[in-house]
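Engineer: I need the structure of the sequence given here:
(one chain, ligands or ions: 1)
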Amino acid sequence: MTQQHTINNRHVVVVGGSSGIGQAVAELASHAGARVTILGRKAKPAEGIAARQVDITETAQLAGVFAELGPIDHLVVTAGARIGSPALVDLQRDVLQLAFDTKLFAALFVIQAALPQLAERGSITLTSGLLSRKVSPGSLLKSTLNAAIEVMGKSLARELAPRRVNVVSPGVTDTAAWGEAASEVRQSTLLRIGAGLPLGRVGQPEEVAQAYLLAMQNEFMTGSVIDIDGGGLL
Ligand SMILES: NC(=O)c1ccc[n+]([C@@H]2O[C@H](COP(=O)([O-])OP(=O)(O)OC[C@H]3O[C@@H](n4cnc5c(N)ncnc54)[C@H](OP(=O)(O)O)[C@@H]3O)[C@@H](O)[C@H]2O)c1
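Structural biologist: As a prediction, this is how the structure comes out:
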């Protein structure tokens, strides 16, 4: 019988760990005994979690940052720009550029910079989103971006083997990407969206974080896209 790999005492780096889903992954991994480092422009250390402030779109900085972090067992990338849902007629180049620079191109260059430090049997977990496979008016930008992330994950799973590469695809999740915590707009929007889901509610970041722990720990999992969306794709 094979044993599930534990992340106890492993070094987990969460790029985008300063808020939302990434922060929940960092906290869950820390509780599971991992040594955790978070990266983000506003990353701040917390109990048991080290932080390194970096803008991941500054490609030239990345190799130096990762060299300083030392050996890594698991790399998680949740970073993404907070963007709207413009229709084609309203699409501006700067928004398109920001979205792809932050979530797709930066993820690729983060992986490139992290590789010399990443254990041969280590893992990489990327983040897409349910719109990758659920299209509707206004989903153009996010659908295209998230579908690209999913293909990137599968392609890298081949190229970087035996390192494992997986993608977590969250559905609507209650984070600051939807507005400030107490804001009425965030609460009413998420209640409305949740009411249309099979489970009757949107997800919490702690629930989505469990999918990243699975991707880190299951040594037979690579090239997978893990949907965790309250049935949002159905
Ligand atoms: N929440 C949802 O409903 C949902 C649904 C589907 C998919 N997703 C995806 O899940 C991921 C996480 O979303 P979230 O809801 O947790 O959003 P979030 O709270 O806005 O987190 C985004 C993270 O990205 C980091 N980041 C952004 N630009 C960066 C840059 N240039 N350099 C370094 N770090 C940067 C931010 O850190 P700093 O501000 O410190 O830089 C922050 O930690 C995103 O890829 C999002 O597209 C979310």
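Engineer: where's stretch 48-66 relative to the chain centroid, distance-wise?
Structural biologist: Offset of stretch 48-66 from its chain centre (Cα atoms, centre = their mean, to the nearest Å): 16 Å.
Engineer: Alpha carbons of that stretch, as CSV, please.
Structural biologist: Presented in CSV, the C-alpha positions along stretch 48-66 are these (Å, rounded to 0.1, in the frame of the first residue of the first chain):
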residue,chain,number,x,y,z
GLY,A,48,4.5,30.2,11.6
ILE,A,49,4.4,31.9,8.1
ALA,A,50,7.3,33.8,6.6
ALA,A,51,6.7,36.5,4.0
ARG,A,52,8.6,38.0,1.1
GLN,A,53,7.2,41.2,-0.5
VAL,A,54,7.5,40.9,-4.3
ASP,A,55,5.6,42.0,-7.4
ILE,A,56,5.6,38.9,-9.5
THR,A,57,5.2,40.9,-12.8
GLU,A,58,8.8,42.2,-12.2
THR,A,59,10.3,39.2,-14.0
ALA,A,60,13.9,40.2,-13.5
GLN,A,61,13.6,40.0,-9.7
LEU,A,62,12.2,36.5,-9.5
ALA,A,63,15.4,34.4,-9.8
GLY,A,64,17.0,36.4,-6.9
VAL,A,65,13.9,36.1,-4.7
PHE,A,66,13.7,32.3,-5.2
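Engineer: what's near enough to touch Val25?
Structural biologist: Val14, Gly17, Val76, Thr78, Ala209, Tyr212, Leu213 (Cβ atoms under 8 Å, 6 or more residues apart in numbering). (C-beta placed from N, C-alpha, C; glycine too.)
Engineer: where's it, which helix or strand?
Structural biologist: Per DSSP states H and E: Val25 is located in helix 20-31.
Engineer: Just want the angle from the next helix or strand after that helix to helix 20-31.
Structural biologist: The element immediately downstream of helix 20-31 (helix or strand, assigned by DSSP H and E) is strand 35-40. If you take axes from the mean of the first three to the mean of the last three Cα atoms, to 10 degrees, strand 35-40 sits at 160 degrees to helix 20-31.
Engineer: Strand 35-40 pairs with which strands?
Structural biologist: Strand 35-40 pairs in its sheet with strand 11-15 (parallel), strand 49-53 (parallel), by DSSP bridges.
Engineer: Pull out the buried positions in stretch 211-220.
Structural biologist: By neighbour count on 16 or more other Cβ atoms under 10 Å, the buried set for stretch 211-220 is Ala211, Tyr212, Leu213, Leu214, Ala215, Met216, Gln217, Asn218.
Engineer: Distance from that stretch to the middle of the chain?
Structural biologist: How far stretch 211-220 lies from its chain's middle: 14 Å, per Cα atoms, centre = their mean.
Engineer: residues in contact with it?
Structural biologist: Here stretch 211-220 makes contact (Cβ under 8 Å, 6+ apart) with 2, 4-7, 12, 25, 28-29, 32, 74, 76, 121, 123, 125, 164, 166, 168, 170, 221, 224, 226, 228.
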